[in-house]
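**Student:** the following block contains a protein sequence and its predicted model.
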Amino acid sequence: MNQNLKTIALNAWNEPRHFFLWLALASLCGLGAAAAATGLSNPNRWLSFFALGCSACFLLSLAAFILALIPPFRRLLSWLLARRFLVLACLTTLVALFYAAEDWRGRRSWQSFKERAEEKGERFDLVALTPPPVPADQNYFETPLWNDLHFVRTNDTIVWSDTNWGSHVFFSAFGPNGSKSPSTGNWTKSQRVDLSAWQAYYRSTNNVFPSPNGPPTNYFPTAASPQSPAADVLLALGRFNESRQLLIAASVRPGARFWMNYEAGPGMLLPHLARVKGIAQYLSLHANASLKAGDRSTAVEDLKLLFRLMDSIRNEPILISHLVRMAVLQIGLQPVWEGLADQRWTDPELNALDGELGRLDFLADYQGAVRGERACNLWAVDYIRKMGLSGWGELLGSEHEGAAPGELEKFFGQALFQALPSGWFDQNKLSTCRIHQDYIQPAVDHDRHAISPAWVKQSQSAFEHRGWGIYDAFSKYLVPGYAKSVERFARAQSAVDLARLACALDRYRLAKGQYPDNLAAVVPQFLTKLPPDVIDGGQLQYRRTTDGRFLLYSIGWNETDDGGKVELTKQGSPDPHRGDWVWNDPAS
């Protein structure tokens with residue numbers, strides 16, 4: 001018996017078929033032990049090495065066992081087994097040298113780049129880019145309109161100050177049946193708000209709901225008999241008069257900082273942005289109705305509240321915050337455009353509107369927004385390294401496309417990323433920063449007040465066709481196509497410039513009795529200097545029309561003067577990539 005055991009042990013140690021079979025079985029046992037550790041702790045680097053080492057050992061042992069069945073390969077494997085410790089030592093040394101070299105190269109490259117950039121004032125940590133704290137009594141958001149959105153993050157758990165915050169409605173121009181509401185107009189294609197349609201909507205049965213203690217009631221206040229469209233719209237929106245007074249009180253506070261959890265990177269919560277847009281929609285419609293009711297002071301007050309709303313999120317280093325600001329701008333320009341088209345504004349009111357518009361500089365805001373996006377990208381690389389494949393899927397949203405990964409899958413995903421050289425993650429950070437440096441940040445020339453669509457398209461194409469490797473495996477997915485964002489910043493700044501010029505032209509008309517023959521005539525009395533066309537840095541296009549009005553426009557993203565023509569998409573909205581960006585001044 002002892003002799004048989006000794007023979008089996010010798011064969012298991014020296015004979016390739018036996019050795020690799022037992023090694024495969026031992027690897028499976030090790031793999032099972034690693035899997036069992038899933039419920040005990042998250043994988044650290046050594047546990048990750050063990051788990052992946054067992055996996056690799058099992059696959060190699062299985063392949064070697066099959067090859068050992070072939071005599072020529074069996075002799076080669078026997079020769080290697082006789083020198084197993086030397087082979088193992090060589091492999092271990094090569095692997096160790098590989099990790100050491102890759103970790104050192106990655107860390108040195110990233111730290112060197114980061115130090116040079118930080119000497120020039122760059123910041124790569126999202127928390128370092130956050131706006132400074134604001135005393136509670138000076139904070140726009142520390143007011144009743146926003147306090148229900150207050151939250152704190154403790155041990156990865158979000159605790160809300162008001163768990164019912166989602167059910168609160170402070171402003172809503174649309175009401176519960178908003179899908180049936182009329183159009184809010186679109187100044188970019190000369191479409192006015194139809195207040196008669198809004199009057200009918202507010203008075204219709206769409207907004208009548210059962211009352212538990214009496215007859216059905218309308219969500220919006222209504223008069224017994226129809227009034228003028230403007231009066232009925234203002235009456236309906238009067239539902240939110242108390243909230244409007246709270247908004248006025250909040251607007252005098254000099255600072256603004258929402259309590260976002262910046263430390264969560266791309267996973268930070270932004271519940272205030274939807275409310276910002278909802279308030280803007282209410283203010284725009286209220287201003288439009290007030291203007292047409294002859295109450296210009298209330299309309300100007302509404303617009304000042306709207307611009308203050310935009311300013312409240314200006315310092316947030318998050319691209320989506322600035323996209324919301326741009327949406328609010330387009331919403332707010334509707335009553336400005338209609339008031340100019342109807343020649344309702346007075347010179348002091350136009351001067352006040354120009355003052356609000358003059359404080360907007362989206363080309364300057366672009367750099368802060370993309371720096372925040374870069375910081376989110378760098379945060380994401382660290383998060384992927386920590387969480388593995390499940391973290392990657394979470395950031396890219398792929399987990400929502402199919403079944404969520406199981407615990408075992410998550411473990412091996414984490415183990416795989418833990419076992420990768422840390423230098424590869426540093427190299428991916430460096431790659432991400434260079435993409436921003438070479439393609440994204442130079443897209444906007446603030447000094448020239450210009451953006452070149454041709455340069456953006458060329459750089460976007462170069463970015464999409466550049467080679468990809470281990471050092472930039474994440475940046476391809478984490479850095480989105482940026483051309484669309486650049487175009488939105490260009491459109492927003494162009495809208496600001498056109499609106500300011502339109503105000504100056506109307507002030508000239510009020511003073512001189514007609515519009516000027518050229519734009520230079522409004523300088524310096526009505527405008528300090530002429531803004532250039534944001535597209536090419538040239539002059540904005542202007543001409544008087546035969547009906548005594550004017551046409552004012554930018555040549556648009558196609559960089560071609562189409563004579564002030566607005567092209568529409570199949571859905572009927574203005575196409576930003578074709579035609580011109582126009583501020584039309586139609587007759588009433």
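**Tutor:** Okay, I see it.

**Student:** what about residue 543, how many residues close to it?
**Tutor:** 14 (other CB atoms under 10 Å). Quick note: C-beta positions are derived from backbone N, CA and C, even for glycine.

**Student:** which residue is the nearest non-sequential neighbour of it?
**Tutor:** residue 551 (5.6 Å; CB to CB, 6 or more residues apart in numbering).

**Student:** does the one you found sit in a helix, a strand or a coil?
**Tutor:** At residue 551 the chain is in strand, as set by DSSP: H, G, I helix; E, B strand; the rest coil.

**Student:** right, and it touches residue 566 too?
**Tutor:** No. Assessed by CB atoms under 8 Å, residue 551 is found out of contact with residue 566, at 10.9 Å.

**Student:** which residues are common contacts for those two?
**Tutor:** 582, 584 (CB atoms under 8 Å, 6 or more residues apart in numbering).

**Student:** what residues of the lengthiest helix in the chain count as buried?
**Tutor:** Longest helix of the chain, by residue count under DSSP state H: helix 84-119. For helix 84-119, burial by neighbour count (16 or more other CB atoms under 10 Å) applies to 99, 102-103, 105-107, 109-110, 113-114.

**Student:** which residues touch residue 445?
**Tutor:** 363, 451-452, 537.

**Student:** quick revisit: immediately after the longest helix of the chain, which helix or strand?
**Tutor:** Helices and strands here follow DSSP states H and E; after helix 84-119, the next one along the chain is helix 126-129.

**Student:** mind giving me the packing neighbours of that next one?
**Tutor:** Packing contacts for helix 126-129, counted by 3 or more CB pairs under 8 Å, 6 or more residues apart in numbering; DSSP states H and E, involve helix 362-387.

**Student:** now do the helix it packs on and helix 84-119, the angle between them.
**Tutor:** 160 degrees (axes from the mean of the first three to the mean of the last three CA atoms, to 10 degrees).

**Student:** roughly how far is helix 362-387 from the heart of the chain?
**Tutor:** 10 Å (CA atoms, centre = their mean, to the nearest Å).

**Student:** mind listing what's buried in it?
**Tutor:** Per 16+ other CB under 10 Å, helix 362-387 contains these buried residues: 362-363, 365-366, 368-381, 383-385, 387.

**Student:** repeat for stretch 239-259
**Tutor:** Applying 16+ other CB under 10 Å to stretch 239-259 flags 239-240, 243-244, 246-247, 250-251, 253, 255-259 as buried.

**Student:** who's in contact with it?
**Tutor:** 131-135, 137-146, 149-152, 170-172, 219-221, 272, 279, 282, 286, 301, 304-305, 308, 311-313, 315-316.

**Student:** please apply the same query to stretch 515-534.
**Tutor:** Stretch 515-534 is contacted by residues 354, 363, 448-451, 490, 493-494, 497, 500-501, 503-505, 507-509, 511, 538-542, 544, 548-550, 554-555 when judged by CB under 8 Å, 6+ apart.

**Student:** out of these, which sit inside strands?
**Tutor:** Among the contacts of stretch 515-534, DSSP state E puts 450-451, 541-542, 544, 550, 554 in strands.

**Student:** looking at these, which is nearest residue 426?
**Tutor:** residue 451 (32.4 Å; CB to CB).

**Student:** count residues in the vicinity of the closest one, would you?
**Tutor:** With other CB under 10 Å as criterion, residue 451 counts 26.

**Student:** what's the separation between it and residue 490?
**Tutor:** 5 Å (CB to CB, to the nearest Å).

**Student:** what residues do these two have in common as contacts?
**Tutor:** Joint contacts of residue 451 and residue 490 (CB under 8 Å, 6+ apart) are 534-535.

**Student:** now residue 567: phi and psi?
**Tutor:** phi -90, psi 140 (degrees, to the nearest 10).

**Student:** that one contacts residue 574, correct?
**Tutor:** Yes. Counting by CB under 8 Å, residue 574 is a contact partner of residue 567 at 7.2 Å.

**Student:** quick one: which of these two has more around it?
**Tutor:** Neighbours were counted for residue 567 and for residue 574 using other CB under 10 Å; residue 574 has more, 20 against 15.

**Student:** residue contacts, the residue nearest to residue 105 when sequence neighbours are not counted?
**Tutor:** Closest residue to residue 105 apart from its sequence neighbours, by CB to CB, 6+ apart: residue 423 at 5.5 Å. Counting by CB under 8 Å, 6+ apart, residue 423 makes contact with 102-107.

**Student:** repeat that with 10 Å
**Tutor:** Residues near residue 423 by CB atoms under 10 Å, 6 or more residues apart in numbering: 99-110, 471.

**Student:** right, and the helix or strand after the helix or strand hosting it?
**Tutor:** Using DSSP H and E, residue 423 sits within helix 422-435. With elements assigned by DSSP H and E, the helix or strand that comes after helix 422-435 is strand 444-445.

**Student:** from the chain's centre, how far out does that next one sit?
**Tutor:** Taking CA atoms, centre = their mean, one finds the center of strand 444-445 at 19 Å from the center of the full chain.

**Student:** strand partners of that strand, parallel vs antiparallel please.
**Tutor:** Strand 444-445 sits in its sheet next to strand 450-451 (antiparallel), going by DSSP bridges.

**Student:** what's next to the strand it pairs with, contact-wise?
**Tutor:** Here strand 450-451 makes contact (CB under 10 Å, 6+ apart) with 363, 366, 443-445, 486-487, 489-491, 493-494, 532-538, 557.

**Student:** for the helix or strand just after that strand, packing partners?
**Tutor:** For strand 450-451, the following helix or strand on the C-terminal side (DSSP H and E) is helix 453-465. Helix 453-465 is packed against helix 475-478, helix 483-512, with contacts defined by 3 or more CB pairs under 10 Å, 6 or more residues apart in numbering; DSSP states H and E.

**Student:** and the contacts of the first one?
**Tutor:** Counting contacts by CB under 10 Å, 6+ apart, the residues outside helix 475-478 that touch it are 266, 373-374, 376-381, 384, 392, 395-396, 427-436, 463-464, 466, 468, 472.

**Student:** looking at this protein, which helix or strand is least sure?
**Tutor:** helix 2-14 (a mean of 53; mean pLDDT, DSSP states H and E).

**Student:** so what's the spatially most central residue of the chain up against?
**Tutor:** Residue closest to the mean C-alpha point of the chain, counted by CA atoms, centre = their mean, is residue 320 at 3.3 Å. The contact partners of residue 320, by CB under 10 Å, 6+ apart, come to 270, 273, 313, 369, 372-373.

**Student:** redo the residues you listed as JSON lines? Include distance to residue 179 and pLDDT.
**Tutor:** Formatted as JSON lines, those follow (distance: CB to CB, whole Å; pLDDT from 0 to 100):
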{"residue": "270", "distance to residue 179": "24", "pLDDT": "92"}
{"residue": "273", "distance to residue 179": "21", "pLDDT": "95"}
{"residue": "313", "distance to residue 179": "27", "pLDDT": "96"}
{"residue": "369", "distance to residue 179": "31", "pLDDT": "93"}
{"residue": "372", "distance to residue 179": "33", "pLDDT": "92"}
{"residue": "373", "distance to residue 179": "32", "pLDDT": "90"}
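
**Student:** want to try a markdown table for those residues, with distance to residue 177 as columns?
**Tutor:** Formatted as a markdown table, the contacts of residue 320 follow (distance: CB to CB, whole Å):
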| residue | distance to residue 177 |
| --- | --- |
| 270 | 26 |
| 273 | 23 |
| 313 | 29 |
| 369 | 35 |
| 372 | 37 |
| 373 | 37 |
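
**Student:** closest to residue 71 among these?
**Tutor:** residue 373 (61.1 Å).

**Student:** which residues touch the closest one?
**Tutor:** Per CB under 10 Å, 6+ apart, neighbours of residue 373: 126, 266, 317-320, 432, 436, 440, 478-480, 482, 485.

**Student:** need the worst-confidence member of those residues.
**Tutor:** Ranked by pLDDT, the contacts of residue 373 bottom out at residue 480 (65).

**Student:** hey, where'd the helices end up in the stretch 251-400 of the chain?
**Tutor:** 272-292, 296-312, 319-341, 347-358, 362-387, 389-396 (DSSP state H, counting those that start in this stretch).

**Student:** in terms of mean pLDDT, which of the ones you listed ranks lowest?
**Tutor:** Across the helices of the stretch 251-400 of the chain, the lowest-scoring stretch is helix 389-396, with a mean of 60.
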